[in-house]
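**Q** this is a predicted model, with the sequence first.
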Amino acid sequence: MRIVLAACALALLAATHHLAIARFANTASSLLPGSRFSGRLSSGAMPDRLAAIGSGIIENGAYVVPPGAPPGSATVIAANASSLAVLTLQIVAPPRAPVLAVASYQNGITFHDPRTFASLGTLATAGHPSDVTAAGGEIAATDTDGSVMTAVRLAPWSVREISGVLLGDELAADPPLHAIFVTERELNATGGLARVVGGSVATVVTGATAEGIAIDLRLQRVYVADVNDDDVAIVDARRMRVVGRIAHIPRAFSLALSPDGHRLYAVSNQSENTFLAARGRVTEIALDLGRPRVVARSSALEFPVGIAVGMLGRIFVTDEQADVVNVLDARTLRAVHAPVPTCRTPWAPTLDARTRRLYIPCAGSNEVDVIDARTLQRVRGAPFQTGGYPLAVSVVRQ
């Protein structure tokens, strides 16, 4: 009742002072303990003042839900010289494994029940996640517009921020090194790779606009796609040194490694129908023949973006313009099935080998599609709604 009365009073205040009633920008209504958001308004403006009633506090200009906050409700009020916004939130209990963790660029990490796909709440992060992965009992998410990586532990629930990871794009876990590797799009004004162990960060420059990543745990090599250098850098994971390059891969954006480590697949994220005016395709690189060399290229794809290696000798390639998943032969890169329709602007696919489900985050429709990788049929209940502009999915069982 106190929250409702406060909201009504603030609305009356806005009317009497000729303030426009505004909205918050893409804020989830069910937040998890440890959440943090700035209160940015839908107009893009930052509020001059921020206040909270109920659970949560204002800290350094952001609304923060303490990590140990119990379930309950809260109201957040934001105001500037011309507008006022009021948002009622529910603070929900932390989820338990197994869960699906979705990197939502606009909201943070949104958690879902892997059986029903029901939303379990959102952890609003300090930045804008473009990828999420789980390893060693922690879930890690990037901040593609800032310098903070978020790490979450489910049991017991804890949230920590690791600074010094600049414009992180994609993640890969390295359990033997107890490390998370992150591509950094503009390290030292070019691009590179960060290795995060605990709270310690080591970096190496790889090339212009590092984005895609794949890791060979057996050889301890990390492959980094340098989009604007048209190559793939090969990094020694232990020494953090570039030990080789695979050249002439136009706009190498996403990478995937075959289970045996003998083949690397690189997606050229370009299209003849855009300002790039070049064909998108997938390139297959043999890594077991001495020096890496190209052994196959797919036919032209409309605007390929993400890739996952599947069973039955298939690879799956999402297309952000055609809204389909291309199904290619892993050896020849020829199509083995008609493109599978999916939701709008599909991004980085994730294949769960245990359930043989292919998870496809669709940035354009705020959904996650789920396809049976054997039958290529949509799973019942999919696609399901998730946070704003989802870019990646991780299946968490620990």
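**A** Sure, I can see it. Residues are numbered from 1 along each chain as shown.

**Q** grab the most central residue of this protein for me.
**A** Asp131 (2.3 Å; Cα atoms, centre = their mean).

**Q** can you map out the helices along this structure?
**A** For the chain, the helices defined by DSSP state H cover 2-16.

**Q** domain ranges for it, per the record?
**A** Residue ranges for each domain of the chain read 2-91, 143-396, as given by automatic domain parsing.

**Q** now those domains in TSV, with distance to Val99, mean neighbour count and mean pLDDT?
**A** Where you see a C-beta, it was placed from the backbone N, CA and C, and this is true even at glycine. Putting those into TSV (distance: least, Cβ to Cβ, whole Å; neighbours: other Cβ atoms under 10 Å; pLDDT from 0 to 100) gives the following:
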stretch	distance to Val99	mean neighbour count	mean pLDDT
domain 2-91	11	17	78
domain 143-396	5	19	96
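
**Q** end-to-end on stretch 89-101?
**A** 20 Å (Cα to Cα, to the nearest Å).

**Q** next: stretch 56-68.
**A** Across stretch 56-68, first to last residue, Cα to Cα, it's 10 Å.

**Q** show me how far that stretch is from its chain's centre.
**A** The gap between the average C-alpha position of stretch 56-68 and the chain average comes to 23 Å, counting by Cα atoms, centre = their mean, to the nearest Å.

**Q** tell me which of the domains of the chain lies nearest to Leu120.
**A** domain 2-91 (8.2 Å; Cβ to Cβ).

**Q** same list (the domains of the chain) but as TSV, adding distance to Leu120.
**A** Converted to TSV, these look like this (distance: least, Cβ to Cβ, whole Å):
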stretch	distance to Leu120
domain 2-91	8
domain 143-396	11
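
**Q** out of the ones you listed, nearest to Gln106?
**A** domain 143-396 (3.1 Å).

**Q** so what's the gap between the closest one and the chain middle?
**A** For domain 143-396 - counting by Cα atoms, centre = their mean - the centre lies 10 Å from the chain centre.

**Q** now do stretch 52-63
**A** 26 Å.

**Q** how long is that stretch end to end?
**A** 7 Å.

**Q** the stretch 251-398 of the chain: strands as residue ranges?
**A** 252-257, 263-268, 281-286, 293-297, 304-309, 314-319, 324-329, 335-341, 350-352, 357-362, 367-372, 384-385, 390-396 (DSSP state E, counting those that start in this stretch).

**Q** closest to Pro114 out of the ones you listed?
**A** Checking the strands of the stretch 251-398 of the chain against Pro114 by Cβ to Cβ gives strand 390-396 as the closest, at 6.8 Å.

**Q** against which helices or strands is that closest one packed?
**A** strand 99-104, strand 132-135, strand 350-352, strand 357-362, strand 367-372 (3 or more Cβ pairs under 8 Å, 6 or more residues apart in numbering; DSSP states H and E).

**Q** include distance to Ala225 when you put those into TSV, please.
**A** Below are these laid out as TSV (distance: least, Cβ to Cβ, whole Å):
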stretch	distance to Ala225
strand 99-104	18
strand 132-135	17
strand 350-352	17
strand 357-362	19
strand 367-372	24
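
**Q** which one of those strands lies closest to Phe37?
**A** Closest approach to Phe37 among those is made by strand 99-104 (12.0 Å; Cβ to Cβ).

**Q** now do that closest one: which elements does it pack against?
**A** Packing partners of strand 99-104 (3+ Cβ pairs under 8 Å, 6+ apart): strand 108-112, strand 132-135, strand 138-141, strand 357-362, strand 390-396.

**Q** who does it pair up with?
**A** strand 108-112 (antiparallel), strand 390-396 (antiparallel) (DSSP bridges).

**Q** if we can go back for a sec, can I get the strands of the stretch 251-398 of the chain in JSON lines with distance to Ile109?
**A** What follows is the strands of the stretch 251-398 of the chain, written out as JSON lines (distance: least, Cβ to Cβ, whole Å):
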{"stretch": "strand 252-257", "distance to Ile109": "21"}
{"stretch": "strand 263-268", "distance to Ile109": "25"}
{"stretch": "strand 281-286", "distance to Ile109": "29"}
{"stretch": "strand 293-297", "distance to Ile109": "36"}
{"stretch": "strand 304-309", "distance to Ile109": "19"}
{"stretch": "strand 314-319", "distance to Ile109": "21"}
{"stretch": "strand 324-329", "distance to Ile109": "24"}
{"stretch": "strand 335-341", "distance to Ile109": "27"}
{"stretch": "strand 350-352", "distance to Ile109": "14"}
{"stretch": "strand 357-362", "distance to Ile109": "12"}
{"stretch": "strand 367-372", "distance to Ile109": "13"}
{"stretch": "strand 384-385", "distance to Ile109": "15"}
{"stretch": "strand 390-396", "distance to Ile109": "9"}
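
**Q** for Val242, which of those strands is the nearest?
**A** That would be strand 252-257 among the strands of the stretch 251-398 of the chain, by Cβ to Cβ, at 14.8 Å.

**Q** how far away is the residue nearest to Gly164 when sequence neighbours are not counted from Ser158?
**A** Leaving out its chain neighbours, the residue that sits closest to Gly164 by Cβ to Cβ, 6 or more residues apart in numbering is Val201, at 4.3 Å. According to Cβ to Cβ, to the nearest Å, Val201 stands 19 Å off from Ser158.

**Q** before we move on, what about Tyr63?
**A** From Tyr63 over to Ser158 (counting by Cβ to Cβ), the distance is 19 Å.

**Q** same deal with Ala382?
**A** When Ala382 is compared with Ser158 (using Cβ to Cβ), they lie 31 Å apart.

**Q** how much space separates the residue nearest to Leu100 when sequence neighbours are not counted from Gly44?
**A** Excluding the flanking residues, the one nearest Leu100 by Cβ to Cβ, 6+ apart is His112, at 4.3 Å. Separation of His112 from Gly44 (Cβ to Cβ): 29 Å.

**Q** now do the contacts for Ser38.
**A** Listed by Cβ atoms under 8 Å, 6 or more residues apart in numbering, the contact set of Ser38 reads Met46, Gly61, Ala62, Tyr63.

**Q** and which of the residues you listed is nearest Pro292?
**A** Among those, Ala62 lies closest to Pro292 (Cβ to Cβ), at 45.3 Å.
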